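Below are the sequence and a predicted model for it; my questions follow.
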Amino acid sequence: MSDYTVTQLEYTPLFKAIDALLRGLDWLGMPFTQLDADRILREARRSTGLTDWGREDFIEPLRRLLEAARGKDLTGIARFSTHQICVKAMQNRLWIEDYVRRHPEVEDIPIERPVFILGFPRTGTTLLQNLMSQTGTLRPLRFWELSSPVPAYEDRERDVRVRKRRASTIVKAAYLVAPEQRHIHQLGVETAEECWPLFFNAFQVMNYDLTADFRGFGDWMMGRDMVPAYAYYKRQLQILAHHTPTRHFLLKCPEHLWFVDALLKVFPDACVVWTHRDPVASVASYCSLSSLQRRMLYGHIDRPAIGAHIRD
């Protein structure tokens, strides 16, 4: 057995063929590969039949994210997946506003004493979250909730069944693209996961700098006031608490480490738990994990470049 978890440094022949097809479709101007904000907004509106996405402070982050993506030599697969992810985020925004319009009491739901686990990636945040969730008094966010934070149906049993089925499709796709994922970080429909997907619905995710190498976007985010993004994040927690009454959330994401000031302004009674680990071990481990995303986006892995970026 190899000493390395990630040994496939480039696309397999199958993915190279898929990528060639998508590059061709991109060259022909197919809408599902275009990294264009206006097209993404139109597609989200058309697919949901909704038009109100609330505050429009997400538009500049969306445009900056797409600008950063267009500045990279992304594969056809990456352009397709980035387009789809952005459309899904816009659909979520439309569904969020529609849900609050139909259930205005959501905005009065308190988010009391939430627990935030933060720390540099690969420092044991997942282990700690899983341990703390065993108490039964703290509610972590499951993958199926994070991927679809807005209830699809009023009937709870039907809603959960449908949202879990959607999440199962995403999990299968993730393991197809990166089978090594199961050896680095187990992902499943019911696993407790990082809450950064809720920030992606505001298009303000540091993860796109860390794992995708969109450095210009990350630099811009570091100078941005993140309070509105955390307020929108809280809005989604209120929806989740409205659908499943919750007293205390157990939230986890390394990204909170960069924005603790904004976090505490929106959640002044939050309990913050900060994990630590030997940085040599955590940086090496995170390089392994982030290399899977780099391979998907660029078709190959440049190990020295990844190491330098994550170290910085």
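Arrived safely.

okay, CA-based contacts and neighbour counts for the rest of this
Fine.

can you list the weak-confidence ranges in the protein?
Low-confidence regions of the chain, defined by pLDDT under 70, span residues 1-3.

Which residue ranges of the stretch 51-200 of the chain form helices?
All helices of the stretch 51-200 of the chain, identified by DSSP state H, counting those that start in this stretch, fall at 59-70, 76-102, 125-132, 143-147, 156-177, 181-184, 196-200.

buried ones in the third one?
Same thing as helix 125-132. 125-126, 129, 132 (16 or more other C-alpha atoms under 10 Å).

With the first one instead?
Within helix 59-70, the residues that qualify as buried are 61-69, counting by 16+ other C-alpha under 10 Å.

G76 reaches A20, doesn't it?
Yes: here G76 lies in contact with A20, judged by C-alpha atoms under 8 Å, at a distance of 7.0 Å.

Can you report phi and psi for D73?
Note on D73: its backbone torsions stand at phi -90, psi 70 [degrees, to the nearest 10].

Over to V272?
Here V272 shows phi and psi, under degrees, to the nearest 10, equal to phi -110, psi 130.

Contact partners for I77?
18-19, 22-23, 296-297 (C-alpha atoms under 8 Å, 6 or more residues apart in numbering).

Closest to R156 out of those?
R156 lies nearest to M296 out of the contacts of I77, by C-alpha to C-alpha, at 35.3 Å.

surely that closest one meets V177?
Yes: using C-alpha under 8 Å, M296 is in contact with V177, at 7.1 Å.

Compare these two (neighbour count), which wins?
Between M296 and V177, M296 has the larger neighbour count (other C-alpha atoms under 10 Å), namely 22 against 16.

show me what contacts the more buried one?
Residues in contact with M296, defined by C-alpha under 8 Å, 6+ apart, are 11, 77-78, 177.

where do the strands sit along the protein?
Here the chain has its strands, by DSSP state E, at 115-118, 139-140, 249-252, 271-274.

So the residue nearest to the spatial centre of the chain versus P149, what's the distance?
Relative to the mean C-alpha position of the chain, the nearest C-alpha, by C-alpha atoms, centre = their mean, is the one of P197, at 3.0 Å. To P149, P197 is 9 Å away according to C-alpha to C-alpha, to the nearest Å.

and what of G188?
Per C-alpha to C-alpha, G188 is found 16 Å from P149.

One more: R247?
From R247 across to P149, the span is 17 Å (C-alpha to C-alpha).

For those two, work out which one has more neighbours and name it.
Ranked by neighbour count (other C-alpha under 10 Å), R247 and P149 place P149 first, with 23 against 15.

and the more buried one, what is it in contact with?
Neighbours of P149 in contact, by C-alpha under 8 Å, 6+ apart: 92, 198, 236, 239-240.

L289: which of the contacts of M296 is nearest?
Of these, the one sitting nearest to L289 (C-alpha to C-alpha) turns out to be V177, at 13.2 Å.

Let me see the contact set for the closest one.
By C-alpha under 8 Å, 6+ apart, the residues touching V177 are M296.

The same query, at a cut-off of 10 Å, please.
By C-alpha atoms under 10 Å, 6 or more residues apart in numbering, the residues touching V177 are 11-12, 15, 292-293, 295-296.

So G76 and A20 - more neighbours on which side?
For the pair G76 and A20, the greater number of neighbours falls to G76 (26 against 14), based on other C-alpha under 10 Å.

what's the distance between the closest residue to the residue nearest to the centre of the chain other than its chain neighbours and H83?
Closest residue in space to P197, ignoring its immediate chain neighbours: L146 at 6.2 Å, by C-alpha to C-alpha, 6 or more residues apart in numbering. For L146, the distance to H83 equals 19 Å [C-alpha to C-alpha].

same thing with E107?
Distance of E107 to H83, given as C-alpha to C-alpha: 30 Å.
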